[in-house]
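> Everything below, folded, please.
(one chain, ligands or ions: 3)
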Amino acid sequence: MKKARFKVDELESDIFKITGLEATVGAFYEEWEEAPGPTPMPDISTFRDWDRILLNKYKPFYLPLCDLCCLCTMGKCDLSKGKKGACGLDMAAQQSRIVLLSCAIGAATHAGHGRHMVEELVSKFGSDYPLDVGGLSVLVEAPHTRLVTGIKPRTLGDLEDVLDYVEKEITHLLSCCHTGQEGDNIDFESKAFHAGMIDHVGMEICDLAQISALNFPKADPEASMVDVGMGSIDITKPVILVIGHNVPPAAAIFDYMEDGGLEDSIELAGICCTALDLTRYTNKAKIAGPLSHQLRFVRSGIADVIVVDEQCIRADILDEAKKVKAPLISTHYKNFQGLPNRTEDPTDEIVSDMVEGRSPGVVILDSDKAGEVAVRVAMGVFPKRKKSGIIPEESEIIEYATKCTKCLSCQRVCPNYLPLPEAMEAAAKGNLQPLSDLYESCIGCGRCEGEGVCPNELKLHSIIIGASRSKIKEERFKVRVGRGAISDTEIRRVGGPIVMGEIPGVIGIVGCSNYPGSWKDNAIMIEEFLKRRFIVTTTGCAAMNIGMYKNEDGLSLYEAYSGAFDAGGLVNCGSCVSNPHISGAAIKIASIFAKRKLNSNYEEIADYIHNRVGAVGISWGAMSQKASSIASGFWRLGIPVIVGPHGSKYRRALLGRKDKEENWYVIDARTGKRVYTGPAPEHLFISVETKEEAMTLIPKLCIRPNDTTKGRSIKLNHYIDLHKRFYGAMPDDIQLFVRTMADIPITMKDEILEILKEKGWKESEVPAPDPTLLPRLVRKKGDGNGS
Ligand code: SF4
Ligand code: SF4
Ligand code: SF4
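Numbering: from 1, shown residues only. Ligands and ions are numbered 1, 2, ... in the order given. Below you'll find the model as predicted:
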């Protein structure tokens, strides 16, 4: 994108005279190879009709966490049993408003992160710094930005203009949550979809900036492997722990280490997305673990300095850091922690105050300065702290366990209902194994240690960690660092097989680490689909957790499977803000492989993806508002998302009714006729209770109207096979997905034919339409009534 700059030495008219004027006026966009599409810079109303098409197929099903609304002072209002609030709002509208609020918060968080990142990188590298996410192999460098805004960004400075648009939309969306604005739940839902779409643009901007300016791997399927796990940290060295999402301060720590030749003398490890992005910056950094490992790592005392930036950081991080005498540096105004801002103070003074214990923590808003302070403080405190942690030893655990009265209070507050009293009973007898068995299922929330929970004030989280010492020492795995974008070349290679259904599906497994079961469940699920030749993409804490598991050959899945976007490939795109590479791959299939216009052409591309690209998202341990906006960006593209049991706390599902035949018609773009294609995909957003349920749903939700008979038969084969394995029986809805005899998996033919006969199944008259939900895309009009 270019701005128009002009300079006027002297301009004189009847009423004024200007000399030496230099100005920049607005912005104009370079010519695309293709003409602008119909919807550049869409506002909240632009895709309302498209959203209603989806929301008519996938009706919201609300799961209120409580019956009250207390958002304004006219409340609190009881919205149960059809009652309305004092402002006239009903329960459905209130629940959808909360969905919108959550998505808007998520989108604002990513956009704010992007703005901060871009401003910092522009000030360091200049606004003309060129964007490069994969050289000539990634010519479509910003699929979301181009699709939504019509802008083709070339430089860091161009990203600021995209962010202007993103921020404007988020402001409008947030304003819709105010009392007395929207009153219709479906319109709230449509706005939540808008927040999701905008969020993927905001995240894309953030990752484009950091990939380009910090020289992260650029669409590299062979990006390097790094260590993950607490056991991989060398505790004989000073350790700096970074937590959060904004990588520049962490990168500055490494730069300072490197400049001083200290890379091998200090361990630099991270938690959450800062860790993932730091390993994209240097493969000398290590990943300590996902966000749920904050407490255990801090309490272990391994970290000599803790550096926090933004998002998903424990609010009590300063208290926890003080307990282990580890100084804390906050590098972001979003997370002051009540600490003094010492950005302008002399570095030597700050270092001395922290090393001598006069200051438990400081705010430093300059990345380079924070980097220097972190390194010098780590070296200064290392000999003094002697890694003092607060994790109890075995003998202490046994002593504590004898105090447990088995009141069950801790178990009741545990989100995973872990059998803590039982494990404490065994520990009192000297058997720590049951406590250690809880290690992988404990999400480190600390609720069991909350005020008033345990009558004996037992620190159960620390007790679990203490009982798991030997396990933690062995916690050494490998993760392939985030590769960023999917290359255009890869899209060209797999676009056909995906759209035909011959690659059975693309799975995006993303999100937080708030797992209902063991953190290994993600990897166990994913390995099944890698073996089945699905393409698996991942980001964020999910990407770490997938690495923290060894298969029967003793390899992490990143070591066992290729990093290419291809059948059987495991693709780590990077951190949370790398999610648009996953949704962007679907967009690129439509634009690069199918040659649909990309420029400002959202609705057509979403229609293409929904009907043709067998993709499904899973967020097994989704926790945050960001997870909801990420999911929402997938929904608007018509891509289904599955969440685990805690996901029902997002308060609503988008469920298809497979028994309602009228919901499952598409228009055949060749003839204009309406054609029944079955419930494909059946749901847009669903939470399930078990990983087995999720694994059965995944291949089913990859079914699309466009599948060829070969593709449909492959997908059905996976669906039926997994259903039989986990439920011991054939699914009861096969007849809805078999269009012709050729769709039937050959090895199951007799069994399926019998069921089809029982159900009165008839072969479809138009098994392979050119499916669309948009009448304007019909090339030859039918009678309009679908007959
Ligand atoms: S926003 Fe409406 S429903 Fe909520 S408390 Fe205020 S008046 Fe009641
Ligand atoms: S810290 Fe672990 S054991 Fe304690 S409540 Fe949270 S998940 Fe349960
Ligand atoms: S709350 Fe304390 S006393 Fe009660 S069961 Fe748990 S550990 Fe035992």
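> Might you report the residue contacts of the residue lying closest to Lys459 once chain neighbours are set aside?
What sits nearest to Lys459 in space, not counting adjacent residues and going by CB to CB, 6 or more residues apart in numbering, is Glu449, at 5.3 Å. C-beta coordinates here come from the backbone N, C-alpha and C atoms, glycine included. Listed by CB atoms under 8 Å, 6 or more residues apart in numbering, the contact partners of Glu449 are Leu458, Lys459, Leu460, His461, Ser462.
> how near is the first one to Glu189?
Distance check for Leu458 against Glu189: by CB to CB, to the nearest Å, it reads 45 Å.
> Surely Leu101 is in contact with Ser175?
No - with contact defined as CB atoms under 8 Å, Leu101 does not reach Ser175; the gap is 11.3 Å.
> what about those two, which has more around it?
Using other CB atoms under 10 Å, the more surrounded residue of Leu101 and Ser175 is Leu101, with 20 against 11.
> Give me the nearest residue to the more buried one, chain neighbours excluded.
Cys177 (4.8 Å).
> isn't that neighbour right next to Ser96, touching?
No - between Cys177 and Ser96 there is no contact, the gap being 10.4 Å when judged by CB under 8 Å.
> of these two, who's got more company?
Using other CB under 10 Å, the more surrounded residue of Cys177 and Ser96 is Ser96, with 24 against 18.
> In contact with the more buried one, which residues are there?
By CB under 8 Å, 6+ apart, the contact set of Ser96 is Pro60, Tyr62, Asn185, Ile186, Phe188, Glu189, Ala192, Arg652.
> Narrow these to just the buried residues.
Neighbour-count burial (16 or more other CB atoms under 10 Å) applied to the contacts of Ser96 gives Pro60, Tyr62, Asn185, Ile186, Phe188, Glu189, Ala192, Arg652.
> taking those residues one by one, which sit in strands?
Using DSSP state E, the subset of the buried ones among the contacts of Ser96 located in strands is Pro60, Tyr62, Arg652.
> Pipe the residues you listed into TSV and attach pLDDT per row.
TSV is the format used below for these (pLDDT from 0 to 100):
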residue	pLDDT
Pro60	97
Tyr62	95
Arg652	93
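> Go through those and name the one nearest Ile253.
Arg652 (41.7 Å; CB to CB).
> residues contacting that closest one?
Residues in contact with Arg652, defined by CB under 8 Å, 6+ apart, are Pro60, Phe61, Tyr62, Leu63, Gln95, Ser96, Val99, Phe685.
> now do Ile398
Neighbour list for Ile398: Ala427, Ala428, Gly430, Leu432 [criterion: CB under 8 Å, 6+ apart].
> The nearest residue to the third one once chain neighbours are set aside: which element?
Take Gly430 and drop its neighbours on the chain: the residue closest to it by CB to CB, 6+ apart is Ile398, 5.9 Å away. With secondary structure defined by DSSP states H and E, Ile398 is part of helix 394-401.
> do Ile198 as well
helix 185-213.
> which helices and strands sit right next to that helix?
helix 48-57, strand 58-62, helix 91-125, helix 143-149, helix 156-175, helix 273-281, helix 579-588, helix 625-636 (3 or more CB pairs under 8 Å, 6 or more residues apart in numbering; DSSP states H and E).
> Give me the next element, helix or strand, following the second one.
Tracing the chain C-terminally past strand 58-62 and defining elements by DSSP H and E, one meets strand 68-69 next.
> Could you point out the helix or strand that follows that following strand?
strand 77-78.
> Quickly check: that following strand near ligand 1 or not.
Yes - using CB under 6 Å from any ligand atom, strand 77-78 reaches ligand 1 at Cys77.
> circling back: okay, the angle between the helix holding Ile198 and helix 91-125?
Following axes from the mean of the first three to the mean of the last three CA atoms, to 10 degrees, one obtains 20 degrees for the angle between helix 185-213 and helix 91-125.
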